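In: Just a sequence and a predicted model for now, questions to come.
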Amino acid sequence: NAGVTQTPKFQVLKTGQSMTLQCAQDMNHNSMYWYRQDPGMGLRLIYYSASEGTTDKGEVPNGYNVSRLNKREFSLRLESAAPSQTSVYFCASSEARIIRIDTQYFGPGTRLTVL
Amino acid sequence: AQSVTQLGSHVSVSEGALVLLRCNYSSSVPPYLFWYVQYPNQGLQLLLKYTSAATLVKGINGFEAEFKKSETSFHLTKPSAHMSDAAEYFCAVIRNTGTASKLTFGTGTRLQVTL
């Protein structure tokens, strides 16, 4: 049981390049999330998927797109990377059976640098 | 809107001393509050959560937190710090809207434990 896995662990891009961050969970969770973590700002929600086949914007969605490929996988795409997207990206998942006390499980993160 | 504020971005304690990490919440409805811990170069993991069943919540690794409605606080404590407690700690509140649990995080408190 690997939990939440993310690939790659590290990535360096040039401004304008595109890339996709991959996330998979093996806990049969319904909901999945993408966050970015910046120094002094905590984690901010980029996009989430409440269930397979649905996606919604979070607090900071500009410059990103997502795909919920199936129940296990949720990818985050940067179409044209900008230096402001330099950050650590975390994927999380949750059962979402009782929303108000739902526990999210986090992956190890992807450290992205955009030059 | 529901939010949390963590007082003190850095806290330093001696090994064996009391750990106190502060979190205050702002919410117009009963909040559901969480503490997550992030060890260096890892993702976040749940320490404990307040689900309204009891105001004193016990978590993993000897941590506990007390929900005080009169003070709008949910401070994290541990009687005796250990070197392995050095990490970043995040308070979070669930925004209970729709069908997914959207967490709003505080800005984090980095705990340093010295000999």
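Out: Perfect, thanks for sending it.

In: Every contact and neighbour count from this point should use C-alpha atoms.
Out: Fine.

In: Chain B contacts on chain A?
Out: Applying C-alpha under 8 Å from any C-alpha of the partner chain, we find that chain A lies next to chain B at A:31, A:40-45, A:48-50, A:90, A:96, A:99-109.

In: mind running it again at 7 Å?
Out: Selection of chain A residues close to chain B by C-alpha under 7 Å from any C-alpha of the partner chain yields A:31, A:40-43, A:50, A:96, A:99-102, A:105-109.

In: in chain B, which spans are strands?
Out: Under the criterion DSSP state E, strands of chain B are mapped to B:3-7, B:10-14, B:19-26, B:33-38, B:44-50, B:56-58, B:64-68, B:73-78, B:87-97, B:100-105, B:109-114.

In: any chance of these in TSV, plus mean neighbour count and mean pLDDT?
Out: Output for the strands of chain B, formatted as TSV (neighbours: other C-alpha atoms under 10 Å in any protein chain shown; pLDDT from 0 to 100):
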stretch	mean neighbour count	mean pLDDT
strand B:3-7	19	92
strand B:10-14	15	97
strand B:19-26	20	95
strand B:33-38	23	95
strand B:44-50	21	93
strand B:56-58	17	94
strand B:64-68	20	95
strand B:73-78	21	97
strand B:87-97	23	86
strand B:100-105	25	82
strand B:109-114	20	96
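
In: who touches A:Leu115 in this structure?
Out: A:Leu13, A:Lys14, A:Thr15, A:Pro83 (C-alpha atoms under 7 Å, 6 or more residues apart in numbering or on different chains).

In: Could you check how far the residue of chain A positioned farthest from its centre is from B:Leu44?
Out: Relative to the centre of chain A, the most outlying C-alpha is that of A:Ile98, 21.8 Å out, by C-alpha atoms, centre = their mean. Distance, A:Ile98 to B:Leu44, by C-alpha to C-alpha, to the nearest Å: 21 Å.

In: thinking again about what came up before, of the contacts of A:Leu115, buried ones?
Out: Burial by neighbour count, judged by 16 or more other C-alpha atoms under 10 Å in any protein chain shown, picks out A:Leu13 from the contacts of A:Leu115.

In: If we only consider the contacts of A:Leu115, which is nearest to chain B?
Out: A:Leu13 (20.4 Å; C-alpha to the nearest C-alpha).

In: just checking, the closest one touches A:Thr113?
Out: Yes - A:Leu13 lies in contact with A:Thr113 (C-alpha atoms under 7 Å); the separation is 6.2 Å.

In: tell me the contacts of B:Pro40?
Out: B:Ala87.

In: Tell me the secondary structure at A:Ser84.
Out: Classification of A:Ser84 using DSSP: H, G, I helix; E, B strand; the rest coil returns helix.

In: ok, now which ones touch B:His10?
Out: Per C-alpha under 7 Å, 6+ apart, neighbours of B:His10: B:Thr109, B:Arg110, B:Leu111.

In: Likewise for B:Leu7?
Out: Residues in contact with B:Leu7 (C-alpha under 7 Å, 6+ apart) are B:Arg22, B:Cys23.

In: ok, now the one 4 residues further on?
Out: Shown here is B:Val11, whose contacts under the criterion C-alpha under 7 Å, 6+ apart are B:Thr109, B:Arg110, B:Leu111, B:Gln112.

In: how much space between it and chain A?
Out: Using C-alpha to the nearest C-alpha, to the nearest Å, B:Val11 is found at 14 Å from chain A.

In: Run through the bridge partners of that residue.
Out: Beta-bridge pairing for B:Val11 (DSSP bridges): B:Leu111.

In: Good, wrapping up.
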